[in-house]
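In: here is my input; please provide its structure:
(one chain, ligands or ions: 1)
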Amino acid sequence: MHNAARAGGIPSAMLVLFDIDGTLYHGDGTGRAAFVDAGRELFGDRFLDHRFDLSGRLDPWIFSRFMELSGLELTPEIDTAFRDACHRHLRRRIESGQHDVRSLPGTIELVERLSRAPDVTIGLLTGNWEPNGRLKVQSVGFDPQQFRICAWGNDGPTRNDLPPVARQRYFDTFSRTIEFERVVIVGDTIHDVACAAAHNCRCLAVCTGGCTEAQLREAGATTIMSDLSDCDAVLDWLLDSRQAVPS
Ligand SMILES: [Mg+2]
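Out: Okay, here's the model as predicted:
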């Protein structure tokens, strides 16, 4: 298959996994605010609004960090209640119209055009709990059905554990294997870059979220774009890259 692809004959399958926050979606602080809203609903002032950096982190890690810093015990019952409250507050804030919640430049067109490319599957690889992730993409105009393969924040202990989850779901969905070299991770933080590198996935880093170009480059990103607004350039990179599979 790879030899055929290199010869310019049969295009190989490709899986493009988008991060959500800072990559497809600008939440204007609603995500953090929903965490604090939910914590205050459950614990009052005992839930402290610590200002640690959430970007690129998994929701379960963020919640446990808030709890730890607040000196509160996390039980399975509290976890369930918190997720429910967090989702409710996130929806309320997004729908309030008081925040600048929007898709990031070019992303709606990019996903739409990619979804029509032959043998390309689009998915999500994100730190969000699934209900929050689906709410975010839907709220800014994406059709959640376009994202066929998803790995969510509660699918593994760290972000680096998520690409194998996506790869397994690809197999479960299509009854065929996809090599990590055929997987592209599009993300805005050093954690996206690291999780791609951990599995030899391709990585497209964008500067629309949590990290600067210098930070992304220092983390090992080799392809960095200021944003995804130049759809032709992004598609050229993606579709050219599938003709150049590393041996
Ligand atoms: Mg992100």
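In: write out the residues of the chain neighbouring the ion.
Out: 19, 21-22, 188, 209 (C-beta under 5 Å from the ion). C-beta here means a position set from N, CA and C on the backbone, and glycine is covered the same way.
In: all the helices of the protein, residue numbers only.
Out: 2-6, 30-43, 59-70, 76-95, 107-115, 130-139, 162-174, 190-198, 213-218, 231-241 (DSSP state H).
In: point out the most buried one among the ones you listed.
Out: Highest mean neighbour count among these (mean count of other C-beta atoms under 10 Å): helix 190-198, with a mean of 23.
In: just to revisit the earlier point, could the helices of the chain go into CSV alongside mean pLDDT?
Out: Converted to CSV, the helices of the chain look like this (pLDDT from 0 to 100):
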stretch, mean pLDDT
helix 2-6, 42
helix 30-43, 96
helix 59-70, 96
helix 76-95, 98
helix 107-115, 96
helix 130-139, 97
helix 162-174, 97
helix 190-198, 96
helix 213-218, 96
helix 231-241, 88
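In: domains of this structure?
Out: 2-26+102-241, 30-95 (automatic domain parsing).
In: my guess is Leu238 contacts Val16, does it?
Out: Yes. Leu238 is in contact with Val16 according to C-beta atoms under 8 Å; the separation is 6.5 Å.
In: any shared contact partners between those two?
Out: Common neighbours of Leu238 and Val16 (criterion: C-beta atoms under 8 Å, 6 or more residues apart in numbering): 114, 120, 184.
In: closest to the ion among these?
Out: Nearest to the ion among the shared contacts of Leu238 and Val16: Val184, at 15.3 Å, using C-beta to the ion.
In: residues contacting that closest one?
Out: 14-17, 201-204, 238, 241.
In: over to Gly127?
Out: Contacts of Gly127 (C-beta under 8 Å, 6+ apart): 21, 56-59, 61-62, 153, 159.
In: from these, which two are the most distant?
Out: Asp21 and Trp61 (13.9 Å; C-beta to C-beta).
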